[in-house]
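[1] Turn this into a structure:
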Amino acid sequence: MIVNIMLIDDNKINLFVTQKIIENSGIAANIKSFDSAIVALDFLKNIEETNTFQTKFIPDIILLDINMPEMNGTQFLSAFNKVKSIQNSQTCIYIVSSSIDPEDIKSVTKEVNCKGYIEKPITSEKFNKILVNYRPYLGTYDYQEVDINLDVMRKTS
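    I've put the predicted structure just below:
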């Protein structure tokens with residue numbers, strides 16, 4: 001299974017680090033990174049207008065920074081809900097922010113497609129929790145807190 005993941009953050013270092021964490025997670029993922037919420041939204045709207053390779057990239061998971069210039073995460077969420085080509089999708093959006101203000105958290109997590117709030121920085125553990133929430137069976141088969149193979153090898157040695 002290939003997971004389509006969209007990263008939206010105005011900080012290019014955060015985008016780079018998050019992309020590397022996803023690549024090192026061991027899942028098959030198509031990753032699209034955007035340093036502007038407006039450009040990401042235009043990309044999604046373009047799916048409606050064309051029948052190109054982009055139609056194969058409807059995001060399964062979006063990691064969205066909340067504090068960005070031009071269009072912030074809250075504005076993106078409102079606009080996202082109006083894009084026809086993805087209205088029936090099962091896209092899970094996670095807000096990623098360094099803010100721990102309860103009002104920020106409450107305002108965005110009430111959105112329909114928003115599945116949670118993650119404090120920066122994204123780590124392997126935080127990303128694995130997102131995957132398990134997206135596909136619960138991944139918690140059983142793909143990601144394990146303890147490596148079963150190592151335990152078996154220790155017992156047989």
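
[2] what does the model give M71 for pLDDT?
    Per-residue confidence (pLDDT) for M71: 94.

[3] What is the burial count for the residue nearest to it when sequence neighbours are not counted?
    Spatial nearest neighbour of M71, chain neighbours left out: A37 (4.1 Å); criterion: CB to CB, 6 or more residues apart in numbering. Yep, even glycine has a C-beta here, placed from its N, CA and C like the rest. Using other CB atoms under 10 Å, A37 has 26 neighbouring residues.

[4] Check whether A37 really touches M6, as I assumed.
    No: checked against CB atoms under 8 Å, the pair A37 and M6 is beyond contact range at 10.6 Å.

[5] circling back: residues touching the residue nearest to M71, list them.
    Applying CB atoms under 8 Å, 6 or more residues apart in numbering, we find A37 in contact with 8, 64, 68, 70-73, 75-76.

[6] Just the ones in helices from these, please.
    The helices, defined by DSSP state H, take in 73, 75-76 from the contacts of A37.

[7] Show me how to select, in ChimeraX, the buried members of these.
    This is how ChimeraX selects the buried members of the ones in helices among the contacts of A37, with burial counted by 16 or more other CB atoms under 10 Å:
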select :73,76
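
[8] Which single one of the ones in helices among the contacts of A37 is nearest to N24?
    Lowest distance from N24 to the ones in helices among the contacts of A37 (CB to CB) belongs to G73, with 25.3 Å.

[9] surely that closest one meets L64?
    Yes: under the contact definition of CB under 8 Å, G73 touches L64, with a separation of 4.9 Å.

[10] For the two, list the residues in contact with both.
    8, 37, 95.

[11] Could you export those as a markdown table, including distance to I118 and pLDDT?
    Below are the shared contacts of G73 and L64 laid out as a markdown table (distance: CB to CB, whole Å; pLDDT from 0 to 100):
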| residue | distance to I118 | pLDDT |
| --- | --- | --- |
| I8 | 13 | 98 |
| A37 | 17 | 97 |
| I95 | 7 | 92 |
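
[12] can you tell me which of those residues are in strands?
    Secondary structure of the shared contacts of G73 and L64 is defined by DSSP state E; positions in strands are 8, 95.
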